[in-house]
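# Here is a sequence together with a model predicted from it:
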Amino acid sequence: MTLSPRMNETGTRLSAMLRTAFCAGVREALEDPATIEIMANPDGTVWIERAGIGIDLADFSLAGEDRERVIRLVASSLGESISKSVPVISAELPGSGERFEGIMPPVSTAPCFSIRKASETAFTLDDYAEAGMLSGSLALALREAVAARANILIAGGTSSGKTTFANALLREPSLQADRIVVLEDTRELSPPAANAIRLRTVPGSVSLQQLVRSTLRLRPDRIVVGEVRGGEALDLLKAWNTGHPGGITTLHANSASGALRRLEQLTAEATRVPPHDLIGEAIDVVVFMSRTGGTRRIEEALRVSGFNGGDYVTAPLVLPKLSLVKHGDMT
């Protein structure tokens, strides 16, 4: 949707008001390209995560009334109110698009909020390899998987870099001639393909599951979901497995194999029997990401070839190099 000049002006004005409501320290952190997330806690402390550094305690604090003013201003920008009966607000900051989560009592002991910035740098698989976040051979294998229209599941914990890595896959040249439909709760994925549609949910009105079902009527070549969190996982798997391969999605999990079990749990919201065979057929590659000391990396990548004998059949996407031993050296 193209915003009218009046809507753009309103968003700019609200953004300016929010920047004013933030203290100088928060404004400075928002303007820092290295900043990933800003977290204002109920006790007034502010913690800032920066790329390559990790989470550090800021040298300033935010009073309770300041934190509450920010939360109420964000809610007001959405035309919503926040109260004891509605103490949580999830939103994008107007004008700038950062992801905002604000929580008020009685859910928290005092007002608190978190601001998550989208990555300002468009990384590629080559960038990941050069930074040592994955091997060159794995980058090549992933590039080939994308070109072969494999369905790729990116798993990891909170702030492990799943979305940024999904954006790197979307920048692969083999996708650029395809019609790509992206479904998200918050706009974070930016496919550079010319024929791309970005859709988002509307809280209380349009769910991710509804979007997945509607997407099939938009003639997508590839269906990309920012993050699966519920029953929409089943609809996505069915779509991927019946004429729409080459998709990408993310979910929270603690390992590559655990991501497949997590998918079972999500589909349980829509079906009584875990669709083991469907998961084994629809998912081709699982990438597991981790974050240690502010550094993100790809810990594991598995190729999935089905479900058999009560477990998923998997193998490393890239086999480890074997050291060559001369026969005369063996004892």
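Received, thanks.

# what's near enough to touch Val212?
Neighbouring residues of Val212 by CB atoms under 8 Å, 6 or more residues apart in numbering: Leu183, Ile223, Val225, Glu232, Asp235, Leu236, Ala239. The way it works is simple: take the backbone N, C-alpha and C, and place the C-beta from them, glycine included.

# where along the stretch 51-200 of the chain do the helices fall?
All helices of the stretch 51-200 of the chain, identified by DSSP state H, counting those that start in this stretch, fall at 64-77, 125-130, 136-147, 162-170.

# Compare the ones you listed and report which one is nearest to Pro316.
Set against Pro316 and scored by CB to CB, the helices of the stretch 51-200 of the chain come closest in helix 136-147, at 9.3 Å.

# Which residues does the closest one contact?
If you take CB under 8 Å, 6+ apart as the criterion, helix 136-147 is touched by 125-126, 128-129, 134, 152, 169, 172, 174-175, 246, 284-285, 287, 298, 301, 317-318.

# So which of the residues you listed are in strands?
Ile152, Val285, Val287, Ile298, Ala301 (DSSP state E).

# okay, who's weakest in the residues you listed by pLDDT?
Ranked by pLDDT, the ones in strands among the contacts of helix 136-147 bottom out at Ile298, which has 94.

# how is this structure carved up into domains?
Residue ranges for the domains of the chain, per automatic domain parsing: 5-116, 125-316.

# which one is Pro274 nearest to, not counting chain neighbours?
Glu264 (4.4 Å; CB to CB, 6 or more residues apart in numbering).

# burial count for that neighbour?
Burial of Glu264 is recorded as 15 neighbouring residues (other CB atoms under 10 Å).

# again with Arg296
Neighbour number of Arg296 under other CB under 10 Å is 22.

# isn't it right next to Gly157, touching?
No - the criterion here is CB atoms under 8 Å, and Arg296 misses it with Gly157 at 10.4 Å.

# buried residues in the host helix or strand of Arg291?
Here Arg291 sits within strand 285-292, counting by DSSP states H and E. For strand 285-292, the neighbour count (16 or more other CB atoms under 10 Å) marks Val285, Val286, Val287, Phe288, Met289, Ser290, Arg291 as buried.

# how about the fifth one, what does it touch?
To tie it back to what came earlier, the one meant is Met289. The contact partners of Met289, taken as CB under 8 Å, 6+ apart, are Ile154, Ala155, Gly156, Ser160, Gly161, Lys162, Phe165, Arg296, Arg297, Ile298, Glu299.

# tell me the centre residue of this protein?
Thr163 (3.5 Å; CA atoms, centre = their mean).

# what sits against the nearest residue to Ala233 once chain neighbours are set aside?
Nearest-residue entry for Ala233: Leu266, 4.0 Å, with adjacent residues in sequence omitted and distances by CB to CB, 6+ apart. Residues in contact with Leu266 (CB under 8 Å, 6+ apart) are Val228, Arg229, Gly230, Gly231, Ala233, Leu234, Leu251.

# quick one, the helix or strand hosting Leu266 and strand 285-292 angle?
Per DSSP H and E: Leu266 is located in helix 256-267. On the basis of axes from the mean of the first three to the mean of the last three CA atoms, to 10 degrees, helix 256-267 is oriented at 110 degrees to strand 285-292.

# Return the distance of helix 256-267 from the chain's centre.
Its chain's C-alpha centre lies 16 Å from the corresponding centre of helix 256-267 when counted by CA atoms, centre = their mean, to the nearest Å.

# Hmm, Thr267 is touching Pro274, no?
Yes - here Thr267 lies in contact with Pro274, judged by CB under 8 Å, at a distance of 6.6 Å.

# the more surrounded of those two?
The neighbour comparison of Thr267 against Pro274 (other CB under 10 Å) goes to Thr267, with 25 against 15.

# residue contacts, that one?
For Thr267, the contact set (CB under 8 Å, 6+ apart) comprises Gly231, Ala233, Leu234, Leu237, Pro274, Pro275, Ile279.
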